[in-house]
Every structure is written in C-alpha cells, then in structure tokens.
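> Model the structure of this input:
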Amino acid sequence: MPLLMLKDLPRYECLLEAARSFPDLDPSACEAFLHLLRAGDEAYRQSEDFFNVHSISPGRFTVLMLLSEDLGGGSLPQTPAELAEKAGVTRATITGLVDTLERDGLVTREHDSDDRRMMRVHMTQKGHATLREVLPLHFKRMAALMAPLSEHERKTLVRLLNKIAGRASAMAAEAQAPASETTLQSREE
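Purely as a prediction, here's the structure:
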C-alpha cells in the first residue's frame, strides 16, 4: 500500500512559497523526503505486482526468505517469535502469514524437540521449489529497476539511505525516551 498519496509532487517553487508561511519547512528537505517516499512507493509497487503474479505476498516471501538457509534444500526452522523479530512485525502478523504458507504447503509447524510448548516453522520442499522458481525472476526485476544507476551511484544511494534510516531510528528512540523516563519517574514516586 503506497505511503504517498500525491499523484504529482509539488514543485520546488511551491515549497519555497509554503516556507514563507511555515518557517520550520525546509524546502530542500521536504523535496528530498517527498521524492524518497515516491521512489519507495514505486519500488514497493513493482515488488508487490511481481509477487502477485506469482501468487505470493511480499510478507509471505519475507517469511520464506527468513526460513531459507540456501536453495539446495536446507532451511533454518524458527519460532514464530523469532520470525516476527527478524521481520519487524507483530507475532499476530507472522501467525497469519505462516497460516497461509502452511495452507499452501510451503511451510509446516512442528513442536520443538527440546521444548514441546514451542513451535518451530519449517520450510517444505514445495517452499524451497517456490523460492528457486521466484528468486531468479525477482533478482532480474531488482536489477532492471536499479539499471539507471551506475555502480558508484548505487553505493552512494545505499550510503545515503543508511544515513536516513539511522536518523529515523534515532528519532524513534528519542520519541520513546521521554515516555520511558516519565514511566520510570512515576514508578519511583
């Protein structure tokens, strides 16, 4: 689902004009941010369209990738909690994804041999076959999307995106810190 709802991004001149009314608006930061969202939306849409053609969702693909050790048939059985942590989603989301993957015969759930209370998710041979079929096409699609950029531009893009991701993580931590401090203070009182 796209994050940006604008068909056409505002011209830079419009951002300059808006900055007169909103002094905190940095026109170049706003322009870069909107273009980042637009590019992310378009890239995600391409992936989503590709996976839809192959009857798999991006989320289900992620779970299969997390379970795959290699394409030679090995896999890494994991608990739903481990999968949720690695995918950055809730356990409920993973449960839904695993339910549909299991229904389609791509994974199975089995009790852990050491702790029968825990379940482990295993990829089936059909799951491995699905990845072996989809991955080469997916890799070609990614390469085609990135084709306009030189190797140097790609490395620069990765470096810049990592800076933005790092800043986003820091901002999230900063936003949570006051809430944590308030909670800690109220407990001490």
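
> hey, let's count contacts and neighbours off CA atoms from now on
Will do.

> For D26, which non-adjacent residue is closest in space?
Nearest residue to D26, sequence neighbours excluded (CA to CA, 6 or more residues apart in numbering): A19, at 6.8 Å.

> In the helix or strand containing that neighbour, which residues are buried?
Using DSSP states H and E, A19 sits within helix 12-21. Within helix 12-21, the residues that count as buried by 16 or more other CA atoms under 10 Å are L15.

> which strands and helices sit next to that helix?
helix 27-53 (3 or more CA pairs under 8 Å, 6 or more residues apart in numbering; DSSP states H and E).

> What residues of the helix or strand just after the helix it packs on count as buried?
Later in the chain than helix 27-53, the nearest helix or strand by DSSP H and E is helix 58-67. Neighbour counts over helix 58-67 (16+ other CA under 10 Å) mark G59, R60, F61, V63, L64, M65, L66, L67 as buried.

> can you put those residues in a markdown table and add pLDDT and distance to S169?
Shown next, in a markdown table, are the buried residues of helix 58-67 (pLDDT from 0 to 100; distance: CA to CA, whole Å):
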| residue | pLDDT | distance to S169 |
| --- | --- | --- |
| G59 | 92 | 22 |
| R60 | 94 | 25 |
| F61 | 94 | 25 |
| V63 | 94 | 23 |
| L64 | 94 | 26 |
| M65 | 92 | 24 |
| L66 | 92 | 22 |
| L67 | 92 | 26 |
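
> Put together JSON lines for these, with distance to T100 on each row.
Formatted as JSON lines, those follow (distance: CA to CA, whole Å):
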{"residue": "G59", "distance to T100": "11"}
{"residue": "R60", "distance to T100": "8"}
{"residue": "F61", "distance to T100": "11"}
{"residue": "V63", "distance to T100": "11"}
{"residue": "L64", "distance to T100": "12"}
{"residue": "M65", "distance to T100": "15"}
{"residue": "L66", "distance to T100": "16"}
{"residue": "L67", "distance to T100": "15"}
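
> Between the residues you listed, which sits nearest V89?
Set against V89, the nearest of the buried residues of helix 58-67 by CA to CA is G59 (9.7 Å).

> Give the closest residue to the closest one in space, chain neighbours not counted.
L97 (6.9 Å).

> circling back to that earlier point, do I have it right that the residue nearest to D26 meets P27?
Yes. A19 lies in contact with P27 (CA atoms under 8 Å); the separation is 6.8 Å.

> Start and end of stretch 99-108, how far apart?
End-to-end distance of stretch 99-108 (CA to CA, to the nearest Å): 9 Å.

> what residues does it touch?
Contacts with stretch 99-108, where a contact means CA atoms under 8 Å, 6 or more residues apart in numbering, come from R60, V98, R109, V121, H122, M123, T124, Q125, K126, G127, H128, T130.

> and if we set it to 10 Å?
The contact list for stretch 99-108 (CA atoms under 10 Å, 6 or more residues apart in numbering) reads 56, 60-61, 63-64, 67, 77, 93-98, 109, 119-131.

> still on that earlier bit, mind listing what the residue nearest to G59 touches?
Each residue near L97 by CA under 10 Å, 6+ apart is listed here: S57, G59, R60, F61, T62, V63, L64, P80, R91, R103.
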